[in-house]
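[1] return a 3D structure for these sequence lines:
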Amino acid sequence: MKEWGKRRRQRKVRPGDGRAFVPMQWWHVLHRSAFHLELPVSDGAAGGPDEARPTVDYQVDVDHFSAEFEASLYREGRQVGVGASPAAFSVPGGVVEFAASLYGLKRMHYVPDDGGPTRMLEPDPRSMEGLRAEFDRRRPRASRAVGWAAVVILVVGLVVGGLQLAEVVSRWDVVPESWGVFISPVTLPGWANVTLTVAAVGAALERALTLRHHWLLDGGLGDFD
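    Got it, this is the predicted structure:
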């Protein structure tokens, strides 16, 4: 099943046009993400045992405002492939899996063909993901606190929203009368509902910047799959 899914995602990739990779700038952070991957060249091209093994640089550029949430793969700064989420770009020794969620990215990982460990690509230091990663390196404790706060906010929002939705649904005419009307034990004023909604969106964006995703917490029904 995994192989079928991998092939399906690979078929979504079309050849690139060879255009040059545009370096990230500070004004790109709201609509672009960029990631980097360094891979060794094939064994046949490698140097001797005492020589540094040559590598190839890959970049993945994501356009958040594209109609189908597309990403482009660049090899040594030249575009070699374009695919809409979810897609799998073939690279030496494996694939780069790319997938987006409603709030940003949920996957940008190199998956080796030999079953070795999967690893996330390195975010460009000038992208939002790169800035978040730098915050994690400089302030690991604060970073963990922010991450846990995001989870708590999403859980609270999910519970409160679920209870409120259940109350609304129970009042529909199509619901059997024998079930009665469910009254939510949690009633919030309008301003609190708005505040919780805004906080939940912010929490989801925070998790997207670190490529953390759970289908229930992070709105899996809105994913670009």
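[2] tell me what the host helix or strand of Glu167 is packed against?
    Per DSSP states H and E, Glu167 falls inside helix 140-170. Secondary-structure packing of helix 140-170 (3 or more CB pairs under 8 Å, 6 or more residues apart in numbering; DSSP states H and E): helix 128-138, helix 190-209. No exception for glycine: its C-beta is placed from N, CA and C like everyone else's.
[3] mind putting those helices in TSV, mean neighbour count included?
    TSV is the format used below for these (neighbours: other CB atoms under 10 Å):
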stretch	mean neighbour count
helix 128-138	16
helix 190-209	16
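[4] to Val156, which of those helices lies closest?
    Of all the helices and strands packed on helix 140-170, helix 190-209 sits nearest to Val156, with 7.1 Å by CB to CB.
[5] what's the burial count for Val151?
    15 (other CB atoms under 10 Å).
[6] could you tell me which residues make contact with it?
    203, 207, 217 (CB atoms under 8 Å, 6 or more residues apart in numbering).
[7] now the residues you listed in CSV, with distance to Val156 and pLDDT?
    Below are those laid out as CSV (distance: CB to CB, whole Å; pLDDT from 0 to 100):
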residue, distance to Val156, pLDDT
Ala203, 10, 96
Arg207, 15, 96
Leu217, 11, 86
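[8] so which of the helices and strands packed on helix 140-170 is nearest Val95?
    So among the helices and strands packed on helix 140-170, helix 128-138 is nearest, using CB to CB, at 20.0 Å.
[9] how far out from the middle of the chain is that closest one?
    In terms of CA atoms, centre = their mean, to the nearest Å, the centre of helix 128-138 is found 15 Å from the chain centre.
[10] cool, and stretch 29-45?
    With CA atoms, centre = their mean, you get 17 Å for stretch 29-45.
[11] now it - C-alpha only, CSV.
    Taking C-alpha atoms only, stretch 29-45 is exported to CSV below (Å, rounded to 0.1, in the frame of the first residue of the first chain):
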residue,chain,number,x,y,z
VAL,A,29,8.1,34.8,4.0
LEU,A,30,4.3,35.2,3.7
HIS,A,31,4.0,33.3,0.5
ARG,A,32,7.1,31.1,0.1
SER,A,33,8.9,28.3,1.9
ALA,A,34,12.2,26.9,0.9
PHE,A,35,14.1,23.8,2.0
HIS,A,36,17.6,22.4,1.2
LEU,A,37,18.9,18.9,0.9
GLU,A,38,22.5,17.8,0.3
LEU,A,39,23.0,14.3,-1.1
PRO,A,40,26.1,12.3,-2.1
VAL,A,41,26.5,11.7,-5.8
SER,A,42,26.4,8.1,-7.1
ASP,A,43,29.1,5.8,-6.0
GLY,A,44,30.6,5.6,-9.4
ALA,A,45,31.4,9.3,-9.3
